[in-house]
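In: A structural model of the following input is requested.
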Amino acid sequence: MAAVRSIRALSPKCQQQIVGEAAPVHQPQACKVHHPRQASGVTFGFKRVSNYSLKRRITVATRAAATVVSPAVPDVDGATWRKELRRRVSESLPEGGLIYMEAGEQQSRNGTDGVSPFRQESNFLYLTGINDPDYACVLDTRSGALTIFAPTIDPDMVVWHGALPSFDEIAERFGAQECLPKDALSDALRRLEAEGAEVVHTLPGAALPEGVEVGCRVEDAKLSEVIANCRTVKLP
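Out: Reported below is the predicted structural model:
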């Protein structure tokens with residue numbers, strides 16, 4: 001029955017590709033379906049099609065239809081694409097200022113020394129393209145400048161976890177103006193505040209890290225809605 005419903009959801013042209021030209025797919029009353037316990041197969045207009053062949057034809061026809069209607073993907077690199085996304089978010093914020101966001105954290109499994117599969121915070125991934133834990137970023141919506149704050153690793157742990165890329169490599173890869181260690185966040189925010197920033201936008205319920213104090217107003221009521229609206233409109 002699921003196979004029949006899948007066929008009826010396709011266009012008439014795709015249905016013809018699946019069951020053949022002789023099948024009266026435009027006349028549902030002419031289609032006879034056998035119960036799976038009674039027979040293994042489906043009869044369309046007295047033309048018998050095996051379950052395997054039917055599923056295969058559905059797959060081929062669906063892919064062919066998707067190939068026809070799918071728009072062309074622009075030939076741009078990831079950093080350029082993310083820069084355009086950040087520009088759209090920046091222009092949609094009513095007050096401008098700064099955006100502060102944090103990546104997700106790596107979660108350990110209870111009672112083991114292993115970790116659970118990591119899933120990045122979706123809004124952070126949308127703006128930066130970074131799919132690793134423990135990062136943070138500040139976006140200056142006035143200039144579009146992105147600053148990434150990367151985690152550091154104890155030199156003794158490199159043998160177990162491997163070396164992290166350099167700050168310059170991270171900045172170049174993700175299209176940031178600079179990349180700094182996470183403990184440089186306070187100095188970076190104070191510098192941007194001195195340059196005229198008046199508000200720091202965060203996601204709802206998020207706050208600046210403990211010990212980071214700035215004179216700017218921290219606002220968490222607008223950023224989430226702005227990003228959600230931008231994500232509903234896909235880039236061409």
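In: ok, which stretches of the protein are strands?
Out: Secondary structure of the chain (DSSP state E): strands located at 31-33, 42-44, 47-49, 98-102, 136-140, 146-150, 178-181, 199-201, 217-219.
In: Rebuild the ones you listed as JSON lines, extending it with distance to Pro209 and mean pLDDT.
Out: C-beta coordinates here come from the backbone N, C-alpha and C atoms, glycine included. As requested, the strands of the chain are exported to JSON lines (distance: least, C-beta to C-beta, whole Å; pLDDT from 0 to 100):
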{"stretch": "strand 31-33", "distance to Pro209": "61", "mean pLDDT": "46"}
{"stretch": "strand 42-44", "distance to Pro209": "60", "mean pLDDT": "46"}
{"stretch": "strand 47-49", "distance to Pro209": "62", "mean pLDDT": "52"}
{"stretch": "strand 98-102", "distance to Pro209": "8", "mean pLDDT": "96"}
{"stretch": "strand 136-140", "distance to Pro209": "8", "mean pLDDT": "96"}
{"stretch": "strand 146-150", "distance to Pro209": "10", "mean pLDDT": "96"}
{"stretch": "strand 178-181", "distance to Pro209": "13", "mean pLDDT": "96"}
{"stretch": "strand 199-201", "distance to Pro209": "12", "mean pLDDT": "94"}
{"stretch": "strand 217-219", "distance to Pro209": "12", "mean pLDDT": "91"}
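In: among the ones you listed, which is nearest Phe118?
Out: Smallest distance to Phe118 across the strands of the chain (C-beta to C-beta): 14.0 Å, for strand 98-102.
In: follow-up on the earlier one: can I get the strands of the chain in TSV including mean neighbour count and distance to Glu91?
Out: TSV is the format used below for these (neighbours: other C-beta atoms under 10 Å; distance: least, C-beta to C-beta, whole Å):
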stretch	mean neighbour count	distance to Glu91
strand 31-33	14	53
strand 42-44	20	53
strand 47-49	14	54
strand 98-102	24	12
strand 136-140	22	12
strand 146-150	24	15
strand 178-181	17	22
strand 199-201	22	13
strand 217-219	14	17
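In: Good, we can wrap up now.
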